Structures are given as C-alpha cells and as structure tokens.
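missing the sequence, but the structure's below:
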Ligand SMILES: C[S@@+](CC[C@H](N)C(=O)[O-])C[C@H]1O[C@@H](n2cnc3c(N)ncnc32)[C@H](O)[C@@H]1O
Ligand code: SF4
C-alpha cells in the first residue's frame with residue numbers, strides 16, 4: 001500500500017484547517033457569553049453523546065521550552081498555584097450543578113502545561129472534587145500529559161492510585177544536546193524504566209510523543225528517537241510536525257539561530273519515520289498517531305468508529321461531550337463550543353465572582369452540526385456513508401449531500417489521482433490519500449470557498 005507520494009503531497013501542501021473542531025476555532029466569536037454557555041450546558045443533558053469527557057488544563061511549566069506552542073506559563077509561587085487550583089475546583093462545582101448526575105464520565109484528561117510537575121496533593125484534591133460531583137463509568141480512561149523531565153518512578157504509582165491509567169510522555173527527541181538547545185531538561189529517568197514502571201503500576205497505555213522538524217534537529221536525531229521508541233514498544237507513538245509561529249509564541253524566535261528544517265526535509269523525516277514505525281508493526285491512525293494493531297484505536301479505525309476531540313483520538317464508546325476546566329480550556333458540546341479566558345488571572349477573577357470564565361465560543365446551527373459530523377468521518381475514518389449520517393440526523397441522504405455541497409465532480413482530480421473513490425452514496429479515501437486528508441476534507445466544507453487563510457500547511 002502506498003501512503004506517501006511525495007510529488008502529490010508537495011502539490012497539495014497548502015494551508016488548511018485541522019478540523020479538530022468544526023467550524024475551526026478562528027470562527028469562535030467573543031459575542032458568545034457565559035449565558036450562552038450556560039444554555040449549552042443545560043441542553044447537553046438532553047443530546048448525544050450522553051457520556052461525559054472532562055478536560056483539566058494546567059497552564060504552568062517549571063521551565064518554558066523555546067519550541068513550545070502550547071498554552072502555558074512559567075510556574076509562579078506556591079500561593080499562585082494554590083489559588084489557580086482552588087479556582088479549578090470551584091469551576092468544576094459551578095459547571096457540575098447544571099449537569100445530569102446520571103451521565104457517566106468515560107474520559108478524564110489532564111493537559112497543559114505540565115500537570116505532572118504540580119505538587120501531587122493538588123491533583124488529588126481536584127480528582128476528589130470530580131468524584132464528589134460526577135459518576136464515573138466502570139472503566140473510564142484517565143489520562144495525563146506528562147513531561148519526563150519531572151516524572152519520578154514513584155509518581156507513576158501515585159498517579160495510578162489516583163485512577164490514572166493512560167499517559168502521554170512528551171519525549172520530543174531522544175538527543176539530550178538538542179533538548180538543551182531547546183531549553184528543555186532531559187528525562188529524569190531512562191524511558192524504558194518509566195515505561196516499565198508505568199505498566200507495572202497499572203497504566204493500560206502509554207503514548208510516546210515526538211516532534212519532527214524542530215530547529216537544530218537532524219534527520220538522524222529523529223530517526224534515533226523513533227528507534228528508541230521501537231525498542232521500548234509503547235502502545236502508541238505520536239509524531240507532531242513542528243509548528244513555528246514566532247508571531248504568536250515569541251520565545252520561538254530564540255531558536256532561529258539554528259537550522260530550521262524546510263518542508264522537504266520535514267517530508268523526508270515524516271516518510272522515514274512512517275516507514276520505520278509501520279514496519280515495526282504499528283498501524284497509522286490519522287496523520288500523526290500510530291497504535292499497536294490490538295490497541296482500541298486501531299480496532300476503532302478498522303470498524304470505522306474512530307472519533308477525535310481536542311485531546312486526541314478516541315473510540316466511539318469512550319466519546320463524550322467535553323467539559324473543559326481551567327484557563328484556555330475549550331468545551332466541545334452537542335450545541336457548540338465554549339472557550340475559557342486565556343490568562344490564569346482573569347480566569348480566577350471570573351470564577352471567584354461565581355461567573356463562568358467564558359472568553360469566546362460558537363453555537364452551531366443544524367447544517368453546521370451535519371457538516372461537523374461529515375468532516376469528522378472523513379478526517380478520522382477516511383470513509384463516508386451518506387445514509388448513515390442521514391439516519392443519525394433523521395433526514396434524507398440527499399439533504400446531507402446538499403448541506404455539504406457534495407458533488408462527486410468536485411473530487412474528480414482526487415479520483416483521477418487515485419486518492420479517493422466516490423459515488424453518489426459513499427466516499428472512501430485510499431491509502432494514497434492518507435496524508436492529503438485535510439485537502440480532501442476541505443472539499444466538504446463550504447466555509448473553505450470564502451476562507452480567510454490563516455491556517456497551517458497541511459503537512
Ligand atoms: C501540551 S504539550 C504537554 C506535554 C508536556 N508539557 C511536555 O512537554 O512533555 C503536548 C505536546 O505538544 C507538542 N508540541 C509542543 N509545542 C509544539 C510545536 N510548536 N509544534 C508541534 N508540536 C508541539 C509536544 O510534543 C508536546 O509533548
Ligand atoms: S513543551 Fe511541555 S514542558 Fe515545554 S513549555 Fe510546552 S508545555 Fe511546558
């Protein structure tokens with residue numbers, strides 16, 4: 001099976017949305033108010049999915065890596081941390097008041113920032129509030145994004161006792177000299193020890209996260225990092241393409257002294273890593289994830305039931321409406337999206353006045369909900385059956401086609417190049433179309449015809 005056709009990838013490498021939300025976050029508006037969010041919260045009890053996913057955002061790190069594109073800040077004093085964590089607990093209570101207690105929590109995800117660098121009693125206290133106000137499903141997925149620079153072996157046991165059973169380890173690159181240039185501390189413990197201890201402590205799954213195309217990173221650095229992962233065999237491997245956005249993240253400018261791999265070099269890294277990881281027995285899931293064949297994500301892809309939210313890929317059984325807590329958190333509900341204010345200070349101010357800390361959001365109309373579903377199917381499962389979508393929305397397949405302005409003729413170039421098979425009823429992306437999935441998805445998005453193009457390149 002041919003997944004990478006470099007000439008085609010170069011031809012189509014133009015800017016486009018990632019479709020982690022629909023519409024993309026740049027369409028969210030500041031006219032969206034806390035009252036709008038409140039209404040969406042109440043409505044979410046009566047709409048699917050009934051499951052609940054909770055996201056907890058910790059916008060702090062002990063040291064800022066110069067490549068970082070995440071929503072984080074340098075950790076302040078213990079008192080500042082304490083008041084943020086108090087606000088988090090208040091927000092959870094504030095939101096839980098509006099949710100039906102009988103709905104099961106299938107997913108809890110802690111991200112940031114570096115949640116594992118928090119004093120652990122803060123994590124325990126928040127988990128306790130979650131247990132007091134929500135009903136957990138029998139086997140919820142409880143995950144944390146961890147930096148190995150601050151992760152002690154004993155921490156894994158404590159996290160497991162708190163119910164954590166999945167973890168993303170941000171490795172980025174196995175070359176410690178490169179990490180030093182990036183202002184990042186190396187792992188405290190060898191990766192194999194962290195992985196083995198996590199598994200012994202009861203973690204069901206560990207992701208190893210890498211970034212390719214980093215300033216100063218060589219092809220060999222990335223290959224050696226992937227080799228290291230393949231020796232250890234974590235359940236999932238993730239390779240993110242480095243996003244250089246110095247106008248948005250000024251600290252990235254510090255890295256411009258080093259060689260910044262260009263599109264061609266990045267494509268070579270992507271291709272070589274793809275070959276290595278898939279030859280190592282992993283199944284590619286979307287553009288940046290790989291999973292062992294018996295992993296639930298690989299099985300969901302096979303059954304065409306894979307889903308995605310801002311926190312990553314998820315199976316249909318675990319998918320819930322996402323309720324986000326903390327500064328910058330984005331809730332993803334049936335009716336739309338609500339994002340919390342970005343600065344931890346204004347976030348706490350709102351919470352301490354018993355106000356929902358909404359900064360912007362978006363309420364979807366029916367047509368946009370249909371498009372969201374269509375795009376989700378194309379992006380995650382690389383497959384679309386108009387009849388299935390029509391049944392979900394209790395409309396006709398013709399109405400679904402009209403809503404996404406579907407015309408197989410618009411896909412003729414992709415069909416001729418062997419990227420897509422399509423007819424009146426179904427669309428199927430071939431393995432050759434795998435890395436062009438964003439370009440294919442854009443054909444189902446009427447917003448793209450008048451888009452103001454501020455998106456990153458598709459590769
Ligand atoms: C929100 S961070 C949290 C992880 C944790 N703080 C750490 O550094 O290990 C999640 C992941 O985003 C990725 N990431 C951060 N900055 C990036 C950038 N500029 N481009 C691409 N990926 C990036 C890294 O792989 C990182 O592990
Ligand atoms: S990469 Fe992780 S540890 Fe580094 S600044 Fe970003 S969130 Fe913090």
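Cool, got the structure. Remember, it's a predicted structure, so these values are computed and weren't measured experimentally. Ligands and ions are numbered 1, 2, ... in the order given.

roughly how far is the longest helix anywhere in the chain from the heart of the chain?
Of all the segments of type helix in the chain, defined by DSSP state H, the longest one is helix 78-96. Distance of helix 78-96 from its chain centroid, counting by CA atoms, centre = their mean, to the nearest Å, is 23 Å.

Could you name the helices and strands sitting against that helix?
helix 120-133, strand 321-325, helix 344-352 (3 or more CB pairs under 8 Å, 6 or more residues apart in numbering; DSSP states H and E). The C-beta positions use only the backbone N, C-alpha and C, and glycine is treated the same way.

Next, the buried residues of stretch 273-290.
Within stretch 273-290, the residues that count as buried by 16 or more other CB atoms under 10 Å are 273-274, 276-277, 280, 282-290.

tally of neighbours for residue 119?
With neighbours defined by other CB atoms under 10 Å, the count for residue 119 comes to 11.

now do the one 5 residues further on
Taking other CB under 10 Å as the criterion, the count of residues near residue 124 is 12.

which residues does the residue nearest to it when sequence neighbours are not counted contact?
Of all residues not flanking residue 124 in the chain, residue 162 sits nearest, at 6.1 Å (CB to CB, 6 or more residues apart in numbering). The contact partners of residue 162, by CB atoms under 8 Å, 6 or more residues apart in numbering, come to 123-124, 127, 142.

winner for burial among the helices and strands packed on helix 78-96?
Among these, strand 321-325 has the highest mean neighbour count (mean count of other CB atoms under 10 Å), at a mean of 24.

Give me the residues contacting the helix or strand just after it.
The helix or strand immediately downstream of strand 321-325 is strand 330-333, counting by DSSP states H and E. Residues from elsewhere that reach strand 330-333, judged by CB under 8 Å, 6+ apart: 21, 25, 37, 40-41, 43-44, 47, 55, 309-310, 321-324, 337-340.

one more time with 7 Å
21, 40, 44, 309-310, 321-324, 337-339 (CB atoms under 7 Å, 6 or more residues apart in numbering).

Redo those residues as JSON lines? Include pLDDT and distance to residue 224.
Shown next, in JSON lines, are these (pLDDT from 0 to 100; distance: CB to CB, whole Å):
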{"residue": "21", "pLDDT": "93", "distance to residue 224": "35"}
{"residue": "40", "pLDDT": "98", "distance to residue 224": "47"}
{"residue": "44", "pLDDT": "98", "distance to residue 224": "46"}
{"residue": "309", "pLDDT": "90", "distance to residue 224": "32"}
{"residue": "310", "pLDDT": "88", "distance to residue 224": "30"}
{"residue": "321", "pLDDT": "97", "distance to residue 224": "41"}
{"residue": "322", "pLDDT": "97", "distance to residue 224": "36"}
{"residue": "323", "pLDDT": "98", "distance to residue 224": "40"}
{"residue": "324", "pLDDT": "98", "distance to residue 224": "36"}
{"residue": "337", "pLDDT": "98", "distance to residue 224": "39"}
{"residue": "338", "pLDDT": "98", "distance to residue 224": "42"}
{"residue": "339", "pLDDT": "98", "distance to residue 224": "38"}
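
List just the nearest of those to residue 15.
The closest of those to residue 15 turns out to be residue 21 (CB to CB; 16.9 Å).

For the lowest-mean-pLDDT helix or strand in the chain, list every residue counted as buried.
Sorting the helices and strands of the chain by mean pLDDT, DSSP states H and E puts helix 6-12 at the bottom, at a mean of 86. Using 16+ other CB under 10 Å as the test for burial, helix 6-12 gives 8-9, 12.

Can you give the distance from it to the centre of its chain?
That offset, for helix 6-12, works out to 25 Å (CA atoms, centre = their mean).

Around ligand 1, pick out the residues from the stretch 101-250 of the chain.
Residues of the stretch 101-250 of the chain lying close to ligand 1 (CB under 6 Å from any ligand atom) are 111-112, 114, 145, 147, 170, 172, 209, 211, 240, 242-243.

Turn those into a markdown table, including pLDDT.
Output for those, formatted as a markdown table (pLDDT from 0 to 100):
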| residue | pLDDT |
| --- | --- |
| 111 | 97 |
| 112 | 95 |
| 114 | 98 |
| 145 | 98 |
| 147 | 98 |
| 170 | 98 |
| 172 | 98 |
| 209 | 98 |
| 211 | 98 |
| 240 | 96 |
| 242 | 96 |
| 243 | 94 |
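
Remind me which helix or strand residue 168 belongs to.
strand 166-172.

What is the burial count for whichever residue of the stretch 301-450 of the chain sits closest to ligand 2?
Of all residues in the stretch 301-450 of the chain, residue 328 sits closest to ligand 2, at 12.0 Å by CB to the nearest ligand atom. When neighbours are counted by other CB under 10 Å, residue 328 registers 21.

quick one on the thing from earlier: mind checking pLDDT for the residue nearest to residue 124?
Reading off the confidence values, residue 162 has pLDDT 97.

separation between it and residue 416?
According to CB to CB, to the nearest Å, residue 162 stands 54 Å off from residue 416.

Residue 95 is in contact with residue 323, isn't it?
Yes: taking contacts as CB atoms under 7 Å, residue 95 lies within contact range of residue 323: 5.9 Å.

Show me which residues of the stretch 1-150 of the chain are close to ligand 2?
Checking the stretch 1-150 of the chain against ligand 2 by CB under 6 Å from any ligand atom, the hits are 61, 64-65, 68, 70, 72, 112-114, 147.

nearest to residue 217, of these?
Looking across those and measuring by CB to CB, the closest to residue 217 is residue 65, at 13.0 Å.

Can you tell me the closest non-neighbouring residue to that closest one?
Nearest non-adjacent residue to residue 65 (CB to CB, 6+ apart): residue 184, at 4.3 Å.

Let me see the domain layout of the protein.
With automatic domain parsing as the criterion, the domains of the chain are listed as 1-23+365-459, 26-325.

Lowest average confidence across these, which one?
Taking the mean pLDDT of the domains of the chain, domain 1-23+365-459 comes last: a mean of 89.

Does that one reach ligand 1?
No: residues of domain 1-23+365-459 are not located near ligand 1 by CB under 6 Å from any ligand atom, the shortest gap being 9.5 Å.

how far out from the middle of the chain is that domain?
19 Å.

likewise stretch 201-211?
Offset of stretch 201-211 from its chain centre (CA atoms, centre = their mean): 15 Å.

What residues sit buried inside it?
For stretch 201-211, by 16+ other CB under 10 Å, it's 201, 203-211.

Need the three-state assignment for the closest residue to residue 166 other than its chain neighbours.
Spatial nearest neighbour of residue 166, excluding adjacent residues (CB to CB, 6+ apart): residue 143 at 3.8 Å. Recorded secondary structure, residue 143: strand (DSSP: H, G, I helix; E, B strand; the rest coil).
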